[in-house]
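Asker: this is a predicted model, with the sequence first.
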Amino acid sequence: MHIAIAGNIGAGKTSLTELLAKQYGWEAHFEDVIDNPYLDDFYNHMERWSFNLQIYFLKSRFDQLLSFKDQKNTIVQDRTIYEDAYIFAPNLNAMGLMNQRDFKNYKSLFELLESLIKGPDLLIYLRSSIPNLVNKIHKRGRDYENSISIEYLSRLNERYEAWISTYDKDKMIIIDVDNLDFVERPEDLKVVIATIDKALAYMK
């Protein structure tokens, strides 16, 4: 089974991926952030590096999905290939940070790759308000995220909600994380796990 966790920057995807892998014995797969050669440059000069960054993420996530095909374990994945294509790349294009030629090229490549893969068996969407995202981003203190603006996060959130409202790949659950701290409070993690247990039972 393939479980994927989606959500805006700072929503808690990586933390929840780690916690669920530990809870269920699932195999965790993470976003390639540490080894990504474009992130620092992108946040310092978005217009120059947006296309490079999005192509890197697209290739990286496609490689991940190909590797899942031969896995017998349940996979839990931090962020999906769809978020790049339906949220981040279109947002960069709309903000004038990725030109139309590059965006068209990106979209055609995504459509080709999408024809070769299937969606996750279960999508877990972490819904968050902007103040909560800002708080979490500042708390984790990643240098390359210091320049992320509230406007940028707000635009992403709008696109996430639009994408989720039309998501049709397979089963999805939405978890509002504004009042949850599943990292620091075990009782909050239990709430999340109970929600996931219910979804998994329904899928059997």
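Answerer: On my side now, so go ahead. Computed from a predicted structure; not experimentally measured. Numbering: from 1, shown residues only.

Asker: test my guess that residue 75 contacts residue 25.
Answerer: No: using CB atoms under 8 Å, residue 75 is not in contact with residue 25; the gap is 11.7 Å. Any C-beta I mention is one placed from the backbone N, CA and C, and that applies to glycine too.

Asker: neighbour count for the two, which is higher?
Answerer: More crowded of residue 75 and residue 25, by other CB atoms under 10 Å: residue 75, with 20 against 9.

Asker: contacting residues for that one?
Answerer: Contacts for residue 75 (CB atoms under 8 Å, 6 or more residues apart in numbering) come out as 1, 2, 3, 26, 27, 29, 68.

Asker: where does pLDDT dip in the protein?
Answerer: Applying pLDDT under 70 to the chain flags the ranges 33-34, 141, 143-147, 204.

Asker: what about the strands in this protein?
Answerer: 2-7, 27-29, 75-78, 122-127, 171-176 (DSSP state E).

Asker: next, format those as JSON lines and append distance to residue 108.
Answerer: As requested, those are exported to JSON lines (distance: least, CB to CB, whole Å):
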{"stretch": "strand 2-7", "distance to residue 108": "23"}
{"stretch": "strand 27-29", "distance to residue 108": "26"}
{"stretch": "strand 75-78", "distance to residue 108": "24"}
{"stretch": "strand 122-127", "distance to residue 108": "24"}
{"stretch": "strand 171-176", "distance to residue 108": "27"}
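
Asker: the spatially most central residue of the chain and residue 126, how far apart?
Answerer: Nearest residue to the geometric centre of the chain (CA atoms, centre = their mean): residue 79, 2.7 Å. Computed as CB to CB, to the nearest Å, the residue 79 to residue 126 distance reads 11 Å.

Asker: quick check: neighbours shared by these two?
Answerer: In contact with both residue 79 and residue 126: 5, 6, 7, 13, using CB under 8 Å, 6+ apart.

Asker: surely the residue nearest to the centre of the chain meets residue 8?
Answerer: No: with contact defined as CB under 8 Å, residue 79 does not count as touching residue 8 (10.2 Å).
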